[in-house]
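Asks: A predicted structure for the sequence below; I have some questions about it.
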Amino acid sequence: MNTIDPASRRLLDARLIYYVLFGVASAAVGLLPWLITGLTLPLQNLWNVDTLPADMPRTLLPFSQYALTLIVGLIVVGSAIAGGIARGKRETQPRLALVALIVGVLAVQIAATIQTATVVSEGVGQSSASQLYLALLVAVTIVAMVVGLLVLTLIARSRVPGAAIAVSLAAVALGPWLAGLALPLNSLGTDANFTALSIVRWIPAVVVGLAMAWSGFNSLGRAVASFTSLLALWIGPSLFTAISAAAGTRVLASRPAEMAEYGAQVFQSVLRTSESLSPLVLALVVMAVALGIGWMLRRRNPSPRDDVSSSFV
């Protein structure tokens, strides 16, 4: 029976604590677009008393029907950062390092959800409409945490095709995250903010293009992963637009079925616009350029490995 001497056990415990802290830091970076706003809760339509925007309480998440996509971005991007840390250190990480990392990420995200839900619950009261509103916001946050956990795990441990898909999903969530940095929630915005917003909207397409190049097409699994990544770039932002449009329509707030129908109509309409299709073109261009550069590097420096990513398979 193998035993671990006390000194080795203390070293292992210390390293696991570091991974918990890495997870906490990753989740905190994920919250950055909200942290820079000062954490003042957006005005709530169902708030019990009339309150000025500056007098709203502070919360760790921006619970609002107008910030659903931002909430997803805050959660998923933080989880993706943790996954990248785990993948970069997987050759030297101790046993249970991934578990420790996940514990750190979820500790921050769950604590933020509980604190925000508690504050909002006290402010909106106990009416059925208020409780439904709060339940939907909590549900969106929980779904985002589940997606984030999947992204984290795939990036950290999956072979290249699975990791490339996870990176692409994270890139979709990166869109509202970057938008939150470029034009912080609750701010009026300046010309510089709107210029930055027009630039950062292309970054997810660049990330997806690089993920597709990383995955490549030299096997069926990799080809499927690249196609799935492109599909995520097409469908994800359109879905975010539809959700934002439907959730932000106050007149439909008391009619969930009509809100869902309106959201579906917006989604189908947005899919066919240049706003949805042009990022696909950019992603394909980035992928082609990255593959071309990789091909030239391999020609210049022949290697028995079939691609530069084989060390990550």
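Replies: Looks like it came in fine.

Asks: Determine the next helix or strand in the C-terminal direction from the lengthiest helix in the chain.
Replies: Counting by DSSP state H, the longest helix found in the chain is helix 128-157. With elements assigned by DSSP states H and E, the helix or strand that comes after helix 128-157 is helix 160-182.

Asks: Now do that following helix: which elements does it pack against?
Replies: Secondary-structure packing of helix 160-182 (3 or more Cβ pairs under 8 Å, 6 or more residues apart in numbering; DSSP states H and E): helix 32-35, helix 68-88, helix 128-157, helix 191-200, helix 203-215, helix 220-247. To be clear about C-beta, it is placed using only N, CA and C from the backbone, and glycine gets the same treatment.

Asks: Let's have those in CSV, adding mean neighbour count and distance to residue 299.
Replies: Shown next, in CSV, are the helices and strands packed on helix 160-182 (neighbours: other Cβ atoms under 10 Å; distance: least, Cβ to Cβ, whole Å):
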stretch, mean neighbour count, distance to residue 299
helix 32-35, 19, 41
helix 68-88, 25, 28
helix 128-157, 18, 30
helix 191-200, 13, 34
helix 203-215, 25, 16
helix 220-247, 19, 21
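
Asks: between those helices, which gets nearest to residue 281?
Replies: Residue 281 lies closest, by Cβ to Cβ, to one member of the helices and strands packed on helix 160-182: helix 203-215, at 8.3 Å.

Asks: Which neighbouring elements make contact with the longest helix of the chain?
Replies: Using 3+ Cβ pairs under 8 Å, 6+ apart: helix 128-157 touches helix 68-88, helix 97-124, helix 160-182.

Asks: Kindly recompute the last result at 10 Å.
Replies: When contacts are defined as 3 or more Cβ pairs under 10 Å, 6 or more residues apart in numbering; DSSP states H and E, helix 128-157 packs onto helix 6-30, helix 68-88, helix 97-124, helix 160-182, helix 220-247.

Asks: Identify whichever of the ones you listed lies nearest to residue 43.
Replies: helix 97-124 (10.5 Å).

Asks: ok and that closest one relative to helix 128-157, angle-wise?
Replies: Angle, helix 97-124 to helix 128-157, by axes from the mean of the first three to the mean of the last three Cα atoms, to 10 degrees: 170 degrees.

Asks: Columns distance to residue 266 and mean pLDDT on top of the helices and strands packed on helix 128-157, output as JSON lines?
Replies: Below are these laid out as JSON lines (distance: least, Cβ to Cβ, whole Å; pLDDT from 0 to 100):
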{"stretch": "helix 6-30", "distance to residue 266": "27", "mean pLDDT": "81"}
{"stretch": "helix 68-88", "distance to residue 266": "13", "mean pLDDT": "95"}
{"stretch": "helix 97-124", "distance to residue 266": "26", "mean pLDDT": "95"}
{"stretch": "helix 160-182", "distance to residue 266": "16", "mean pLDDT": "96"}
{"stretch": "helix 220-247", "distance to residue 266": "4", "mean pLDDT": "90"}
